[in-house]
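1. Would you be able to build a 3D model of this:
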Amino acid sequence: MELSGSIACPTAAQARLLRPPADLPWLASPPQRRNVPASSGYISCRSFAVRSKVTKAMPSLSVSIQPAFPQPVTRATWKKKHNVTCYQRQGAPQIEAKSMEEVYDSLAEHILSVFKSIDNLDSKYIVGLAGPPGAGKSTVASEVVRRVNMRWSQKHTKDSSLNSNEDIATMLPMDGFHLYRSQLDAMKDPKEAHARRGSEKAPWTFNPSLFLKCLQTLKEEGSVYAPSFDHGVGDPVENDIFVKPQHKIVIVEGNYLLLEEDFWREIRDMFDEKWFIDIDIDVSMQRVLQRHIGTGKEPDVAAWRISYNDRPNAELIMESKKAADLVIRSVDY
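-> Coordinates of the predicted model:
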């Protein structure tokens, strides 16, 4: 899949001429950064540098558009001003492909190209991958990690300071930072706390301060022990995941990584790149329903869980898509 190509940002005069009619309000509200048809004339000009400012502009009158990854930049240049790349859609650039296999390959190649341009090989490159339940976050993270490690092993250079026989990429799920059931039991309404675990109003059923500390330790010390989550028991397993010094690329996946509230904003700022999996909520909820049934829940209980818990959760998470640097459009797999 071709991932190159960009256009020049238009002048302010061109932007005014191409502003959509006022009687089309769904086209006339770029601050909400909704996805709109290319014919609407709205585009977003965005640098891939993590903290770059998003600006709004209109396309020039005659252009050729290709969805693209921005060119990789070195860590040393990220905080400097440089030309931005324009994309034919609002918000972050979006990856669309005929299959998820193609998406995995493209993301792996992108990560490797960025990694090769980083000046300090002792540092970590941390990607935050968010999306609603059923979007396929774990699958995307694991498949990209596998491809990165495979390609690194095949294409390493002889003068590299890293051993090509060692994996350079790993994934870190957010699930291990759930509160323990005993902590939920101690809350004012334990029944509600257990029912809401991982749902719309339940980022508070996680321990974001511990999660943030884990990421800070990883950045500062180069390795960290992190908890996993035992779904059979329903509790975290302490120190079950070891992110090693050799793991230079870490993909962190979880529902709430791009939220703005409290500790979540600080967590979001820890990522060198922020990805979001965009999916139709009905499709994701069907996947979650099958997951619930597969774990032994009765169909009516699973359906109640969807309506009470998972769908409101997904709607909340979808609102955080605006913070992403890259949007991945999910394809049925």
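2. Surely Ala135 and Ser284 touch.
-> Yes - with contacts counted by C-beta atoms under 8 Å, Ala135 reaches Ser284, the gap being 5.5 Å. For the C-beta atoms, the positions are set from N, CA and C on the backbone; glycine is no exception.
3. Look at those two and report which has more neighbours.
-> With neighbours defined as other C-beta atoms under 10 Å, Ala135 and Ser284 compare such that Ala135 has more, 28 against 23.
4. Quick check on Ala169: phi, psi?
-> Per-residue torsions, Ala169: phi -120, psi 150 (degrees, to the nearest 10).
5. Which residues does the longest helix that the chain contains contact?
-> The helix that spans the most residues within the chain, counting by DSSP state H, is helix 137-155. Contact with helix 137-155 is made by 100, 103-105, 107-109, 111-112, 129-131, 164-165, 167-171, 173, 249, 251, 253-255, 277, 328, 333, as judged by C-beta atoms under 8 Å, 6 or more residues apart in numbering.
6. make it 6 Å
-> Helix 137-155 is contacted from outside by 104, 107-108, 111-112, 129, 131, 164, 167-169, 171, 251, 253, using C-beta atoms under 6 Å, 6 or more residues apart in numbering.
7. before we move on, what about stretch 185-199?
-> Leu184, Ala202, Thr205, Asn309, Asn313.
8. and the two most separated of the contacts of helix 137-155?
-> Farthest pair in the contacts of helix 137-155 (C-beta to C-beta) is Gly131 and Ser164. Separation: 31.7 Å.
9. more crowded one of these two?
-> Applying other C-beta under 10 Å to Gly131 and Ser164 shows that Gly131 carries more neighbours, namely 29 against 14.
10. Settle this for me: the more buried one is touching Lys274, isn't it.
-> No - judged on C-beta atoms under 6 Å, Gly131 makes no contact with Lys274 at a distance of 11.3 Å.
11. what pairs with the nearest residue to Leu218 once chain neighbours are set aside across the strands?
-> For Leu218, ignoring the flanking residues on the chain, the nearest one in space by C-beta to C-beta, 6 or more residues apart in numbering is Val224 at 4.4 Å. Bridge pairing for Val224 (DSSP bridges) gives the partners Val243.
12. Tell me how far Val224 lies from Ala302.
-> Applying C-beta to C-beta, to the nearest Å, the value for Val224 to Ala302 is 35 Å.
13. before we move on, what about Leu326?
-> 32 Å.
14. Ile126 too?
-> Separation of Ile126 from Ala302 (C-beta to C-beta): 34 Å.
15. Then Arg329?
-> Counting by C-beta to C-beta, the gap from Arg329 to Ala302 is 27 Å.
16. Okay, strands next: where are they in this structure?
-> Here the chain has its strands, by DSSP state E, at 43-46, 55-57, 85-87, 94-95, 125-130, 169-173, 224-230, 235-243, 249-253, 273-278, 326-329.
17. Which of these sits closest to Trp264?
-> Closest to Trp264 of the strands of the chain is strand 125-130 (C-beta to C-beta; 10.2 Å).
18. which secondary structure elements does the closest one contact?
-> Judged by 3 or more C-beta pairs under 6 Å, 6 or more residues apart in numbering; DSSP states H and E, the packing partners of strand 125-130 are strand 249-253, strand 273-278.
19. so which of the ones you listed is the most packed in?
-> The highest average neighbour count among the helices and strands packed on strand 125-130, using mean count of other C-beta atoms under 10 Å, belongs to strand 249-253 at a mean of 25.
20. Could you list the paired strands of it along with their orientation?
-> In the sheet, strand 249-253 lines up against strand 125-130 (parallel), strand 169-173 (parallel) (DSSP bridges).
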